[in-house]
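1. Mind looking at a prediction? Sequence and model below.
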Amino acid sequence: MNDKTWLLKERQKLPLDMKVSMSKERIKEWHNYWKGKVYVSFSGGKDSTVLLHLVRSLFPEVEAVFVDTGLEYPEIRRFVKSIENVTWLKPAMRFDEVVKKYGYPVISKMQAQYIEQFRTGSEHMRELRWYGKVYNGTLNYKISEEWKFLTKAPFNISDKCCNIIKKNPIKKYNKESNKKGFIGIMASDSIQRKKQYLQNGCNAFDLGVSRPLSFWNDSDIWEYIKKFNTPYSSIYDMGCERTGCMFCMFGVHLEKGENRFQRMKRTHPKQWDYCINKLGCGKVLDLIGVDYKDAYPLFSGTE
């Protein structure tokens, strides 16, 4: 374990009050460095909700920016509408248009990208994505053996959805506003986000991105919400733990118990029908072996 990894682990063990104080210092540094030309990237989820509350406890005038992808839960949209000083952005393409032109987001961003590159790339790219190569003693850059059968799927697969629908509107806003964003992500969210923190810390001034909650954990978010009586979206009280795009299939094969689509059928049947039948996500989930129907079917009364 190197020094940065050890330091992250030690910071993740700190009590909430100390984390709040440290995060506020990062927020002040960022706000002062950019002379107040900052905003909070606000998804309506619990993490960005806590971040916005924390930033506005110091600088009440800071703007929130919400990307209206059309894929949010209705409860998220209602919650965002209840917050003051929020700028709404729209992507250039809808989800159904992205799926039709590029393909479905399934398995993971990396695997979806590799599958698309295998199917559309040169012979060299096809060989690289099928066999991989050794880098630093580890075999990388290949389609997982488990998912190689998806190279013959009767539909397109792509990782482009997130860039087109979420990231591009923010990039355009950054350029036009000349503002620098706060983002409510944590190192504990994923390996990639941990790497980002270890490389850049909370405030990546050269990249124009601040992540002041990077050393927090999920439990800290809920402790903060409870301690400061912070309003949050009712979607969490309906059993949802993650509130990203409703129709995204990244990682659903890893979910235990009632998965996101089974829950959607129970809580949002109209959206479920549109996703499964109109958008065709049902055929994708069928192919990867993910059940999207009732997780807990009602007792029929027959033996």
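-> Everything's here; your move.

2. From here on, just use CA atoms for contacts and neighbour counts.
-> OK.

3. where's the most centrally placed residue in the chain relative to residue 61, distance?
-> By CA atoms, centre = their mean, the chain has its centre lying nearest to residue 244, at 5.6 Å. Using CA to CA, to the nearest Å, one obtains 26 Å as the distance from residue 244 to residue 61.

4. what comes into contact with the helix or strand residue 57 falls within?
-> Per DSSP states H and E: residue 57 is located in helix 46-58. The contact list for helix 46-58, computed with CA atoms under 8 Å, 6 or more residues apart in numbering, reads 24, 27-28, 40-43, 62, 64, 183-185, 212-213, 221, 224-225, 230, 232-233.

5. Of those residues, just the buried ones, PyMOL syntax please.
-> Buried members of the contacts of helix 46-58, defined by 16 or more other CA atoms under 10 Å, are picked up in PyMOL with:
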select buried, resi 24+27+40+41+42+43+62+64+183+184+185+212+213+221+224+225+232+233
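
6. what about stretch 4-11, distance to the chain center?
-> 24 Å (CA atoms, centre = their mean, to the nearest Å).

7. Pull out the buried positions in it.
-> If you call a residue buried by 16+ other CA under 10 Å, then stretch 4-11 has these buried ones: 8, 11.

8. ok, now stretch 147-156?
-> In stretch 147-156, counting by 16+ other CA under 10 Å, buried: 148, 150-151, 156.

9. ok, now stretch 207-218?
-> Across stretch 207-218, burial judged by 16+ other CA under 10 Å covers 209-217.

10. ok, of the buried residues of stretch 147-156, which one's closest to residue 168?
-> Using CA to CA, residue 156 is the member of those that lies nearest residue 168, at 21.4 Å.

11. Leaving out the residues flanking it, which one is nearest to the closest one?
-> Nearest in space to residue 156, with sequence neighbours left out and distances taken as CA to CA, 6 or more residues apart in numbering, is residue 103 at 4.2 Å.

12. Nothing else from me, thank you.
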